[in-house]
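Novice: mind looking at a prediction? Sequence and model below.
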Amino acid sequence: MKTEVLYEKMLLIRLFEEQVGLLFTRGDLFGTTHACIGQEAVAVGVTQGLHQDDIITSNHRGHGHYIAFTGDVEGLLAELMGKKTGVCAGRSGSQHLCYKNFFSNGITGGMIPVATGMALAEKKKKSGKIVVCFLGDGALGEGPLYESLNMASLWGLPIIFVVENNSYAMSTHISEAVAGKILERGKAFSIKTEEFYTQDAGKIFSGFEKIISHVRTQVQPYFCLFHTYRFCGHSKSDDCCYRDKNEELEWRKKDPLLILEQRLEPQTVKRIQEKCRRQIEEALSQAAEAPFPDPACLSQGLWG
Amino acid sequence: MKTEVLYEKMLLIRLFEEQVGLLFTRGDLFGTTHACIGQEAVAVGVTQGLHQDDIITSNHRGHGHYIAFTGDVEGLLAELMGKKTGVCAGRSGSQHLCYKNFFSNGITGGMIPVATGMALAEKKKKSGKIVVCFLGDGALGEGPLYESLNMASLWGLPIIFVVENNSYAMSTHISEAVAGKILERGKAFSIKTEEFYTQDAGKIFSGFEKIISHVRTQVQPYFCLFHTYRFCGHSKSDDCCYRDKNEELEWRKKDPLLILEQRLEPQTVKRIQEKCRRQIEEALSQAAEAPFPDPACLSQGLWG
Amino acid sequence: MKTFAQSINTALEEKLAEDPRVLLLGEDLRDPYGGAFKITKGLSSRYPDRVLNTPMSEFSLAGVAAGLAIRGLRPVLEIMFGDFMTFCADQLINHAVKFRWMYNGQVDVPLVIRTPMGGGRGYGPTHSQSLEKIFMGIPGLKIIAASHFHDAGTLLKDAIDDDNPVLFIEHKLLYPRKIGQPVDGYISDFAVKFSDGRYKTLRLSNTDFDDPQLTVLVYGGMLPWVTEAVNELLVEEEVGAEIVVPSYINQSFIPEMMESVKTTGRLVIVEEGTLSFGWGAEMAARIVTHESIGSLKAPVRRVAAKDLPLANSRVLEEATLPQVRDIKKAVQEVLAS
Amino acid sequence: MKTFAQSINTALEEKLAEDPRVLLLGEDLRDPYGGAFKITKGLSSRYPDRVLNTPMSEFSLAGVAAGLAIRGLRPVLEIMFGDFMTFCADQLINHAVKFRWMYNGQVDVPLVIRTPMGGGRGYGPTHSQSLEKIFMGIPGLKIIAASHFHDAGTLLKDAIDDDNPVLFIEHKLLYPRKIGQPVDGYISDFAVKFSDGRYKTLRLSNTDFDDPQLTVLVYGGMLPWVTEAVNELLVEEEVGAEIVVPSYINQSFIPEMMESVKTTGRLVIVEEGTLSFGWGAEMAARIVTHESIGSLKAPVRRVAAKDLPLANSRVLEEATLPQVRDIKKAVQEVLAS
Ligand SMILES: Cc1ncc(C[n+]2csc(CCOP(=O)(O)OP(=O)(O)O)c2C)c(N)n1
Ligand SMILES: Cc1ncc(C[n+]2csc(CCOP(=O)(O)OP(=O)(O)O)c2C)c(N)n1
Ligand SMILES: [Mg+2]
Ligand SMILES: [Mg+2]
């Protein structure tokens, strides 16, 4: 995978999240969102090796996963703005996205069993598709994860559990919420594991590509742990009063954008920056002009 | 602990369970029960080293735990018969027992979080009491177990998780329901573990005594795994069609009663047998004569 | 004549045969065991890859079913006792029933959860409840409950064909009962009328629909008690009653109930779940919020379990659950005022 | 004057000070964060050992609270959003509320679960619901919901002192509101009467209880909408209304409602949860099953959310949730017939 491509995806995500932050500050957005600034390398590195018809499940912090996998900046922005042109017509908002085979939900850990069922479906259908299930370190507290690991292992399901450990669940540090070593929790269910200590999207991509191929060919689950960091607050209203500023600064040095930027020509960076900026701006002006959904259609789609 | 004492407790449990089976066959019992025939060594070996004011939580297969810890054959038999003199006045039946600090519930795995909360209470109160939480291999499927292991480890709770692996959850063999090695599931949460491959109540008692003392003095959790077998069906109606008869015979050779019997004088055995028989008979005749609860008191005790 | 259990078993087998998307999953379903209530007996032998024994993971299983459904299968999940539906609450309420609407119709979630509810067998406080009430008010979930006068198997097949999440309630006490089949417009002693389409509502009459004095509304496992009460009252006091028995019990409008009450002006609602905030509350509310309240000749009566847990002891269980005598008493009261 | 949030915070602090058995637990409660809605702010600094941050394990936490309660503590568990109460269903329904009765009174289970419910903030389908309805019919569980005219802190203290499991509902939109305190028998423009004892029911009147034309029954976060509607109707159409606001919302009998309806003969029930099988159903059912039905002059009206999930988009959320205009319309309809 070309560094340029990875960089562009990451930058697009970063600019998107910053734009969303701005819209909130300006009072143009309703509700809340969870930005993934700082974690872009995982989103991009993990998803770029997937087939377009593979499946992703995601969580509250899903914009990065979404944009990296679907490229649909327009639909996402309009969705956050509650517009009819949003990917779910303004119904789902930031935390409950669906676009083709991308699915998220705001209940922490909630998509894990669903992802497991999806992997079982693909196995039964012998489709060759695999499922990537994103979760945060906070979701390690939720018991259904272990039920799902157990079933994924027993049934040999083509699913990769991707743990994004950013050291915090809201304000709670992993030391307060996670006993023992995270990787052991995958191993205990006899699932192969891998740990990534890098913010380098290139390394993540190439490492994860091997895992994808193993899962696809062996039809067996995998449990992957990524150590990363959110540079921003948990959600719009969070000022990170619970974090050490030095810790933040240390991680800022490992900004995934900086890491790849160093490998690119300055003109390339500039070109990509402009391209991404334009894409966000266009998405924004499209979304701004789009109508709100019609309340008369409110009950459409409840029943199939 | 004297072999005689352990033997007597186990025999009392065995005879009790056989008596209950008989009552069902005769149509004298309503509902269902789960006998622990074959698993008596765990019930007795684990509980005899506890203090009377320690806490036990148990599950659907709890008669052995109950009798071993409380000695209350009379209250239990009356309870199963739905009598007013039952330990819960006929309300709870076999699966939901409470006698002082013994608590059970028929929801598989359901008492695990409750036991965890009890251990937290005792720690906060600095009471020096510990909690023993019994669960079967089937309960390993239920996610809240892992939530509880995590909290017990994080908070350093005085609790021992006792897994009775009898290879089956109802008709389901562990190979169909449990991925990986059971002990790893405790270790993954950084909890000390111990495995017992014996049906010898004496060995269980002395091994478990050390664990009790560790948990009490260190105020840390423990995860213990016992390999055992139920000689009987899952519940009254189960003919064990899913089990291999040879497997059953192999385990029958490791009958915990036989193991201890060999260490006792025949007269001692006989004396104990008679004593236990008499106790069961008396409990039975007491319970048979006891009145049914008065429906007029039905709503008493809903509110405190 | 089939039993209720056989009807369910046959329906499952026929769906496995005709629809390759159907997949059964749950605890202990496979042969030789065939399920705690033996409802899936024989099926794994004939369809070894499509009947799955699972670990005891009810919470996740509801989610697994949703995942299967979204990806094009037709999962039928058995929850061994309805009491354990508490474990499925999150995956049903915050996931399965939400997906279609919140994803703006991009997915179907055709899952069925089958589960036995109800008491009467001395299984005690955690194995005897009628917990369907807690799910009735969840938008996007259909709750289907067959009575023994319904064709249970057909209801189940329709549920499997449904593109929406369905909670399918089977009363334990119905399993061994013969299913009542209509013969010349009668089931047993009752003239019967069926609603059109799927998930039929039955109207039963002991007066050939000629001038009934009251309406009894009931579903599922309580129907045998109601027919017994009504039969006795006919003999003893010549009471003519119309019994309305929906199978889609949480549907937003049950026209048969409204029509019948408009005629009779008297209504008794019978359910096995605990009284307060139960099924009967909504049914009664629909009367009092409707113009037809004008035609009411007496206060509505609800017959339900007392607001208590269920005991193991038979005397206590009986004192808690609605009995034939309670139904008769309610009918008499409604007729008296 | 305190806000609703401050009232809760102060009550927690006072209970921590006066009762050593009180223990707070939940996600992110400790300082400096002080809880997702900042309700426990400052408490862990003052009581470091008695305010516990937990992993995200809502299922088990309900059980942990039950275990703490049985062993003599007074746990107050915060569930960050009421939508996650689905996780607590099993431990509440099959464990916490059952223990006392099924153990024949051998234990007390004095636990409190506090949780914010309700929409209006654009949090979308899984962070905006009013899910208390699913727990209302569970025998042994008290559901307490404060309005901003209640003394929220006192209600919470009473809940902590209660020997039974209590689900304590806090509407998100109430947090920043000033609590209405009675001055000379009035709160704001309404004459007010309080019921005796714990968990007070309020009666509010814009006619000094003189010949009200109708009764409005409401709880918790919908009261501001009701007072606004009633105020407007008073000005516009001189409507005299009595508003009945229970705090123990699933109690088996609310005498103030019955009394009021007997006088007015007209009832509007307002709740934020979805309509079907909700709180209003039981309330309406109590009227139609009661002799007082004779005094009804018009069909009862229920104002509630549409039977749909809640959207993120503001226009859709507003179209789903009950609005002031919906309440006014219902009042007008009830008065018209
Ligand atoms: C079941 C549930 N509990 C609590 C929450 C509230 N909540 C949303 S995100 C979050 C923290 C999640 O932490 P983590 O899994 O580490 O993901 P991160 O936010 O760090 O990306 C919490 C507590 C929720 N949405 N769902
Ligand atoms: C949550 C829940 N699911 C299912 C059941 C039904 N059930 C009761 S015991 C049991 C098997 C339990 O197996 P295990 O934990 O190994 O204990 P054992 O019976 O072997 O002692 C099952 C499936 C239950 N009581 N609770
Ligand atoms: Mg995190
Ligand atoms: Mg077992």
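Specialist: Now that the structure is in, tell me what you want to look at. Numbering: from 1, shown residues only, chains lettered A, B, ... in the order given. Ligands and ions are numbered 1, 2, ... in the order given.

Novice: need the residues of chain C near ligand 4, please.
Specialist: Not one residue of chain C sits near ligand 4, judged by CB under 5 Å from the ion. For glycine as for every other residue, the C-beta is placed from the backbone atoms N, C-alpha and C.

Novice: strands of chain C, start to end?
Specialist: With DSSP state E, the ranges of strands along chain C come out as C:22-26, C:51-53, C:74-78, C:112-117, C:142-145, C:166-171, C:186-187, C:190-194, C:202-205, C:214-218, C:241-245, C:267-274, C:301-305.

Novice: skip the chain neighbours and tell me the closest residue to residue 58.
Specialist: In the absence of a named chain, this looks at chain A. Once flanking residues are discounted, A:Ser58 sits nearest to A:Ser104: 3.9 Å by CB to CB, 6 or more residues apart in numbering or on different chains.

Novice: meant chain C actually
Specialist: C:Glu58 sits nearest to C:Phe87 (CB to CB, 6+ apart), 3.6 Å away.

Novice: tabulate the strands of chain C (TSV), appending mean pLDDT and mean neighbour count.
Specialist: Listed next are those as TSV, based on pLDDT from 0 to 100; neighbours: other CB atoms under 10 Å in any protein chain shown:
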stretch	mean pLDDT	mean neighbour count
strand C:22-26	98	24
strand C:51-53	98	24
strand C:74-78	99	27
strand C:112-117	98	26
strand C:142-145	98	26
strand C:166-171	98	27
strand C:186-187	98	16
strand C:190-194	98	18
strand C:202-205	98	24
strand C:214-218	98	28
strand C:241-245	98	27
strand C:267-274	98	26
strand C:301-305	98	24
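
Novice: figure out which of these is closest to A:Ala201.
Specialist: strand C:74-78 (37.1 Å; CB to CB).

Novice: what strands line up against that closest one, and which way round?
Specialist: Counting by DSSP bridges, the strands paired with strand C:74-78 are strand C:22-26 (parallel), strand C:112-117 (parallel).

Novice: now render those as a markdown table, adding distance to C:Val268.
Specialist: Listed next are the strands paired with strand C:74-78 as a markdown table, based on distance: least, CB to CB, whole Å:
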| stretch | distance to C:Val268 |
| --- | --- |
| strand C:22-26 | 36 |
| strand C:112-117 | 21 |
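
Novice: want to try a markdown table for those strands, with distance to ligand 3 as columns?
Specialist: Output for these, formatted as a markdown table (distance: least, CB to the ion, whole Å):
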| stretch | distance to ligand 3 |
| --- | --- |
| strand C:22-26 | 32 |
| strand C:112-117 | 32 |
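
Novice: measure C:Ser128 to B:Arg91 for me?
Specialist: 12 Å (CB to CB, to the nearest Å).

Novice: do a quick rundown of the strands in the stretch 51-200 of chain A.
Specialist: A:55-58, A:98-99, A:102-104, A:131-136, A:159-165, A:168-169, A:172-173, A:192-196 (DSSP state E, counting those that start in this stretch).

Novice: columns mean pLDDT, mean neighbour count and distance to ligand 4 on top of those strands, output as CSV?
Specialist: Formatted as CSV, the strands of the stretch 51-200 of chain A follow (pLDDT from 0 to 100; neighbours: other CB atoms under 10 Å in any protein chain shown; distance: least, CB to the ion, whole Å):
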stretch, mean pLDDT, mean neighbour count, distance to ligand 4
strand A:55-58, 98, 28, 32
strand A:98-99, 98, 22, 40
strand A:102-104, 98, 24, 35
strand A:131-136, 99, 28, 29
strand A:159-165, 99, 27, 27
strand A:168-169, 98, 23, 34
strand A:172-173, 98, 20, 35
strand A:192-196, 98, 18, 28
